[in-house]
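A.B. asks: 3D, please:
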Amino acid sequence: MIGIGVPIHNGARYLKQALDSLLAQSRDDFRLVLLDDGSVDDSAAIAGEYARRDRRIRFVRNGTRTGLVNAWKRVVEIAGDPPPPRYFAWFSDHDWVAPDWLERLAAALQEDPGRVLTHARTVHVDADGLPTGAESHALDTTAMGPYERLRAVTLGTIGAGDAVYGLFSFEALSWCGIFPSEILPDRLLVSELSLWGTIKHVPGAVRFRRVVPRGDSADMIRRQLVTLSVGADQQVRPHLSHATYFIRRFMAGPTDEPPERRLRRLYHSLLYFQRQFNKYRTECVQELELQEPLGELSPLVDFVGAVRERKWKFLYQDYAGLAAKVREAQARVQALKAQRDRLEAQRDSLEAQLREREARIATLTDELRHPLRHWLRSVTRAARR
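C.D. replies: Sure thing, here's the model as predicted:
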């Protein structure tokens with residue numbers, strides 16, 4: 001069984017197209033949860049109509065808006081009512097998918113027990129549904145080892161905002177706590193998933209994403225602080241809270257888990273911190289100096305301060321350059337050693353040839369001396385007569 005959750009907020013304009021594309025899927029063994037989060041348009045009426053027509057659909061309505069984080073969590077909780085689904089997907093109220101989207105994602109997820117997320121090729125369209133020519137990043141960690149994939153989803157471009165609209169292992173999603181109450185929660189979720197397994201891009205499955213330009217990164221953060229409805233502590237220090245999220249999870253986590261897993265969690269938390277702290281360094285420092293109580297961030301003040309002053313240089317970027325230089329120097333040493341061995345072999349060969357030539361010269365010289373001495377004796381005797 002597959003669970004699909006659709007949080008809705010004022011999505012009446014495109015909602016029918018989104019739901020029609022879901023109900024037309026070639027794989028139809030799914031339960032669909034529609035949650036209207038305090039819409040003031042016709043979204044609730046549309047969702048209620050579809051629920052009455054199809055018994056796979058369950059419709060829930062919030063009287064007031066709770067925010068995207070709460071809405072995403074709530075649809076997972078409802079879809080997880082016993083018996084819980086094996087797989088789960090979030091779906092947007094303004095996008096649509098190809099008819100075999102769910103079938104292809106499910107097949108790719110089922111073929112490998114170590115896989116935790118499959119996501120589709122995402123084609124960008126404008127407000128009228130016309131392709132813009134752009135597509136989202138194709139994140140695929142299937143050929144990577146555990147630490148390599150942690151680096152990939154932490155330091156690289158991952159397109160988390162589209163990957164989270166893929167198909168999840170419901171068990172792995174539950175391990176990650178579903179959706180964190182932080183800014184950039186999709187990036188946190190996709191990054192943490194890589195602790196549990198691999199992520200596969202399925203280009204044959206196609207999703208059409210309606211993209212509307214909304215400003216720069218700073219605008220996005222300000223918008224998320226409103227639409228996500230995160231807690232007051234996170235609103236005061238959103239960047240610092242986000243950067244330290246996995247460190248705090250590690251500190252509060254179980255200490256009796258397998259050593260290898262705990263080591264990966266530590267590696268991941270430090271790696272993620274350095275990436276986000278370096279990216280939003282100015283904002284983090286400003287938030288650190290605010291007068292408001294730090295709350296759960298208090299134990300990390302000295303830690304962040306040390307990193308800020310570069311007194312503890314564990315950061316990946318500090319050593320990545322040095323490691324590259326070491327590898328380059330080692331490769332150069334090996335190349336020079338190989339060149340030395342070739343030259344020494346050539347020298348030995350030349351010395352052997354030289355000894356051979358010297359011996360030949362000595363032999364020829366000796367042979368030349370005998371007739372020459374005989375001729376001189378003959379000349380001397382003739383002169384005496």
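
A.B. asks: now name the helix or strand holding Val153.
C.D. replies: Assigning secondary structure by DSSP states H and E places Val153 in helix 146-155.

A.B. asks: next: Val75.
C.D. replies: helix 68-79.

A.B. asks: tell me what that helix is packed against?
C.D. replies: Applying 3 or more Cβ pairs under 8 Å, 6 or more residues apart in numbering; DSSP states H and E, we find helix 68-79 packed against strand 2-8, strand 30-37, strand 57-62, strand 87-90. The C-beta positions use only the backbone N, C-alpha and C, and glycine is treated the same way.

A.B. asks: ok, now with 6 Å
C.D. replies: strand 2-8, strand 30-37 (3 or more Cβ pairs under 6 Å, 6 or more residues apart in numbering; DSSP states H and E).

A.B. asks: which element follows the first one toward the C-terminus?
C.D. replies: Okay, so that is strand 2-8. Criterion used, DSSP H and E; the element after strand 2-8 is helix 12-23.

A.B. asks: again with the last one
C.D. replies: With elements assigned by DSSP H and E, the helix or strand that comes after strand 30-37 is helix 43-53.

A.B. asks: pLDDT weak spots in this protein?
C.D. replies: 214-217, 229-234, 310-327, 367-377, 379, 381-385 (pLDDT under 70).

A.B. asks: report the residue ranges of every domain in it.
C.D. replies: With domains defined by automatic domain parsing, the chain comprises 2-225, 232-314.

A.B. asks: now the first one: how far from the chain's centre is it?
C.D. replies: Per Cα atoms, centre = their mean, to the nearest Å, the displacement of domain 2-225 from the mean C-alpha position of its chain is 17 Å.

A.B. asks: spatially central, which residue of this structure would that be?
C.D. replies: Centroid check for the chain by Cα atoms, centre = their mean gives Val153 as the closest residue, at 1.5 Å.

A.B. asks: ok, that one touching Trp196?
C.D. replies: No: at 11.7 Å, Val153 does not count as touching Trp196 under the criterion of Cβ atoms under 6 Å.

A.B. asks: for the stretch 251-385 of the chain, which segments count as helices?
C.D. replies: Taking DSSP state H, counting those that start in this stretch as the test, the helices found in the stretch 251-385 of the chain are 259-279, 281-288, 301-308, 316-384.

A.B. asks: next, the angle from the third one to helix 281-288.
C.D. replies: In this structure, helix 301-308 runs at an angle of 150 degrees to helix 281-288, with axes from the mean of the first three to the mean of the last three Cα atoms, to 10 degrees as the basis.

A.B. asks: now the first one
C.D. replies: Between helix 259-279 and helix 281-288, the angle formed by their directions is 100 degrees, by the same axes, to 10 degrees.

A.B. asks: just checking, what packs against helix 259-279?
C.D. replies: helix 146-155, helix 238-243, helix 245-252.

A.B. asks: if we use 10 Å, what do you get?
C.D. replies: Helix 259-279 makes packing contacts with helix 146-155, helix 185-193, helix 238-243, helix 245-252, helix 281-288, helix 301-308, helix 316-384 when contacts are defined by 3 or more Cβ pairs under 10 Å, 6 or more residues apart in numbering; DSSP states H and E.
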